[in-house]
Structure formats: C-alpha cells, structure tokens
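**Student:** Using only what follows, build the 3D model:
(4 chains)
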2 protein chains.
Amino acid sequence: MTATEVTQTEVTQRSAEASGPAPVPAADALVESIRAAGLKVTAPRLAVLRALADAPHSSADRLFTVVRAELPGTSLQAVYGVLAAFTDAGLARKIEPSGSAALFERRVGDNHHHIVCTRCGTVRDVDCAVGEAPCLTPDDAAGFAVRAAEVTYWGLCPACQVELATTRTGPPLLSNKGAR
Amino acid sequence: MTATEVTQTEVTQRSAEASGPAPVPAADALVESIRAAGLKVTAPRLAVLRALADAPHSSADRLFTVVRAELPGTSLQAVYGVLAAFTDAGLARKIEPSGSAALFERRVGDNHHHIVCTRCGTVRDVDCAVGEAPCLTPDDAAGFAVRAAEVTYWGLCPACQVELATTRTGPPLLSNKGAR
DNA sequence: CCCTTATTTTGAGCAATTCAAAATAACGGC
DNA sequence: GCCGTTATTTTGAATTGCTCAAAATAAGGG
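**Tutor:** Residues are numbered from 1 along each chain as shown, chains lettered A, B, ... in the order given. Sure thing, here's the model as predicted:
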C-alpha cells in the first residue's frame, strides 16, 4: 500500500509520516483538532471533519454522501454519531433553520449568525450585526437569564435575485417564509 | 338543547344570539376574526383559536389535546389543517425553535421574538430589542436581499433558575443549547 | 332549502433523527 | 509490537412530527 492510502487502522499514524507535499491538505491539522477535543481519531471522524471543512452548512445526509465516496463502508448513523460527538466536544456547531434538516459547521466559539435563501436554501455566515452582542440583550427578558441569542435572516441570495428578475419561472422553491 | 351548547352545524349562529353574560369569553370576537380572515367558521377552527388564545406558544399536539376535550371527534390532521389555514390567512404565526415541535401563537403582524427556557421549554414573547428593526439589518448580508429576521433567545426561566439554585437535581431537561 | 366549494375525516406514508445491542477499532500500557 | 479496556461504528429497528390523498361532510351564498 502506498503512502496516500489511509486504512481504518493506520489512520492515526499519518501524522508521523508527514513528508513531501501532503496528498490531503491539512490532514494533520484535522487529526490534531480531533485529538485536541479529547476524541479518538477515526477514519469516519476525519472524513466528516474534512467534508465539513470543504462544505460548511452541510446536512448530515449531505456529509454522509461525501464521506461515503471516500469511505464506502460508513453508515449514516456513524455520521450522526460523529456529528453528535463533534458538537458535544465543541468541534462543530449545529444549526437548525426552520423547515429544513439540521446543518453543521466547523466555525465555533464566536457568535455569528446565518442568512438563508428562501428560494434555494443556500446558507451564508453573517457576523453579529451590532458589534459585540447587541441583539443578545433584549430589553425585557421577562426574568429569564439569557444565555444565548440566535439570529436567522431570511432572504434571497444573489443568484436567486438574478434568476427571479430574469425568468418569470414560478414562485420560490421554499415558501412559508413570508414573515414581515 | 341550551344556549350554552354549540353544535357543529349551528356554531355560526351564536353571534346572532348574544345576550346576557357570554358563557365563553369573546366567542363572537373569535368567530369574527376567523370570518374576517376569509375563512369559513367551523367548530374545530373556533376551538383551536380559543385554545390558542388561552395558551400561546402551543404545539399542534397540545392544541389537539385541548380541542379534543371540547370537541371529541376532532382529528389531529384537522388541527394541522386549521393551523395551516390560520397561518396562511395571517391569523396565526408558526414558530419553530430548534429541537422541538412547531409552536403557534395568535400574535401576528408585529415583529417580536421569543425566549425559550433551555430547561423546561417555556416560551415567552420578547419585543424587538433595539427599536424598530435593528437586528434586521446585518452589516454584511453577502449580497442577499434580506426579507426577515428571526431572533431566538435561549436561557433559564425564573422558575428554573430558582429550582437549579435550590436543588442539585441533575442537569437541564433540555440540553444541547450551550451556545455562547 | 339546495348547491358548490371548503373543510374534516380516515388511513397511509415519509423524512429526519434516535435508540439499542453486537461487532470492532483506538490507544495507553505492558 | 501485542493486549485489554473503553470508545466508536455497524446493523437493524423504532419514533416523532408532519404531510399527502381520497372520500365524507358541512358552511354559506343563492
């Protein structure tokens, strides 16, 4: 077997043989972050983390598809398990926009928000609008001890704006977001 | 049959016989609001609307339970249907806090937000923190045309703060909301 | 009072996620 | 470098929350 292959049992050794141009970008860094989180380094975890690095805001199902291409034996439940371990360990964050499956991202530890395209479902990060944590402090919290605030913006992504302006091709793909 | 009974077929007549102390508070007002929304007035709709008036932030299932007590023949699907009609007609609003079933409320037409207790799940209304629509305007929307913003606060309700301070009775009932 | 059309009932069906037991692999120590 | 302990993954199934569709029924205008 060549140096570019990674089997289930030797995945943890890769960091020891780092030499020449890395076949997989930053593999060691990914391994390290998993280990740093106090988790065992496994092939499925590495694959999920890499997929998440490539495509933030992915659903469990999407990650499953990507991971499968590289690691055919992986089960969907494994992906769910990995994601649960990651979110527990603070390696990943789970977001749950209304009306769609949960999405995951590696960007953790800062308080950023998301904007979701009501037509195609695309998600982008949005830094907290008003400085530090503005929307985090409601005037009247009714006696609640506020721990976190979550903001979701809904709108049209640039691409969908163009498409809608151009073609008269029916209504939004995602509806039910007509909030004012 | 007495004047306090409401059958499926004569529910629409009640507004005509309003006299003396109303057995059901504001029944006529509820009927009127349904009709004003362009919907036919039916017993299930009236019951759901009343239940929603009594207990805002109720799930479909909870409403179903309440409605059933008064209208035993009602099906869960009917409740879903009523709620869909209400939200479409602008009579009700649907909110979907991460990790729980959708909740409904009658308060529509203003942009208010919600605070959810991470321990017991209680929901309270929160007026928009910064005046008109502050959190609604992200600095950088990445080219998106923002149509709406949704804010959810997470924290501990007064009761749960007390309980946690008093008894050392284990961890939160709802977890996974450890966002910072 | 009847007719048309909206609503509800009845009965399935589905997607996303979770649960549980058995098999397997990671990794610290010997 | 091999072993045992413990975490992880596989395998298989169940659950929750919600939607779909056809047939039965009721609201409200004429």
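**Student:** In terms of helices and strands, where is the residue nearest to A:Asp54 when sequence neighbours are not counted?
**Tutor:** Leaving out its chain neighbours, the residue that sits closest to A:Asp54 by Cβ to Cβ, 6 or more residues apart in numbering or on different chains is A:Val66, at 7.5 Å. (Each C-beta comes from the backbone N, C-alpha and C, glycine too.) Using DSSP states H and E, the element containing A:Val66 is helix A:60-70.
**Student:** List the buried residues in whichever helix or strand comes after that helix.
**Tutor:** Where DSSP H and E defines the elements, the next helix or strand beyond helix A:60-70 is helix A:76-89. By 16 or more other Cβ atoms under 10 Å in any protein chain shown, the buried positions in helix A:76-89 come out as A:Ala78, A:Val79, A:Val82, A:Leu83, A:Ala85, A:Phe86, A:Thr87.
**Student:** Kindly report the same for stretch A:55-67.
**Tutor:** A:Pro56, A:His57, A:Ser58, A:Ser59, A:Ala60, A:Arg62, A:Leu63, A:Phe64, A:Val66, A:Val67.
**Student:** just stretch A:102-111 next, same as before
**Tutor:** A:Ala102, A:Leu103, A:Phe104, A:Glu105, A:Asn111.
**Student:** any idea how far B:Arg119 is from the third one?
**Tutor:** Translated: A:Phe104. Look at A:Phe104 and B:Arg119: by Cβ to Cβ, to the nearest Å, they are 25 Å apart.
**Student:** Same question for A:Tyr153.
**Tutor:** Noted for A:Tyr153: a distance of 28 Å to B:Arg119, by Cβ to Cβ.
**Student:** longest strand in chain A, by residue count?
**Tutor:** Longest strand in chain A, counting residues (DSSP state E): strand A:145-156.
**Student:** Please name every helix or strand in contact with that strand.
**Tutor:** With contacts taken as 3 or more Cβ pairs under 8 Å, 6 or more residues apart in numbering or on different chains; DSSP states H and E, strand A:145-156 sits against strand A:112-117, strand B:145-156.
**Student:** helix or strand right after that strand?
**Tutor:** Taking DSSP H and E, what comes next after strand A:145-156 is helix A:158-166.
**Student:** Run the chain-centre distance for that next one.
**Tutor:** Mean-position distance between helix A:158-166 and its chain equals 26 Å (Cα atoms, centre = their mean, to the nearest Å).
**Student:** Quick one: residues contacting A:Thr152.
**Tutor:** Contact partners of A:Thr152, counting by Cβ atoms under 8 Å, 6 or more residues apart in numbering or on different chains, are A:Pro97, A:Ser98, A:His113, A:His114, A:Ile115, A:Val116, B:Ala149, B:Glu150, B:Thr152.
**Student:** From A:Ala27, how far out is A:Val108?
**Tutor:** Applying Cβ to Cβ, the value for A:Val108 to A:Ala27 is 20 Å.
**Student:** actually A:Val151, not the one I typed
**Tutor:** 34 Å.
**Student:** Also A:Arg93?
**Tutor:** Per Cβ to Cβ, A:Arg93 is found 22 Å from A:Ala27.
**Student:** next one: A:Ala37
**Tutor:** Distance from A:Ala37 to A:Ala27, counting by Cβ to Cβ: 16 Å.
**Student:** Enumerate every residue touching the spatially most central residue of chain A.
**Tutor:** With the centre of chain A defined as its mean C-alpha position, the nearest residue by Cα atoms, centre = their mean is A:Glu105, 2.1 Å away. Shown in contact with A:Glu105 (Cβ under 8 Å, 6+ apart): A:Leu52, A:Pro56, A:His57, A:Ala92, A:Arg93, A:Ile95, A:Asp125.
**Student:** Using neighbour counts, trim those to the buried set.
**Tutor:** Buried subset of these (neighbour count, 16+ other Cβ under 10 Å): A:Leu52, A:Pro56, A:His57, A:Ala92, A:Arg93, A:Ile95.
**Student:** and the nearest residue to the residue nearest to the centre of chain A once chain neighbours are set aside, helix, strand or coil?
**Tutor:** Distances taken as Cβ to Cβ, 6+ apart put A:Pro56 closest to A:Glu105, at 4.3 Å, once the chain neighbours are dropped. What DSSP: H, G, I helix; E, B strand; the rest coil gives for A:Pro56 is coil.
**Student:** hang on, A:Pro56 packs against A:Arg107?
**Tutor:** Yes - contact criterion Cβ atoms under 8 Å: A:Pro56 and A:Arg107 qualify, at 6.7 Å.
**Student:** Any chance you could list residues touching both of these two?
**Tutor:** Common neighbours of A:Pro56 and A:Arg107 (Cβ under 8 Å, 6+ apart) are A:Asp125.
**Student:** Lovely, talk soon.
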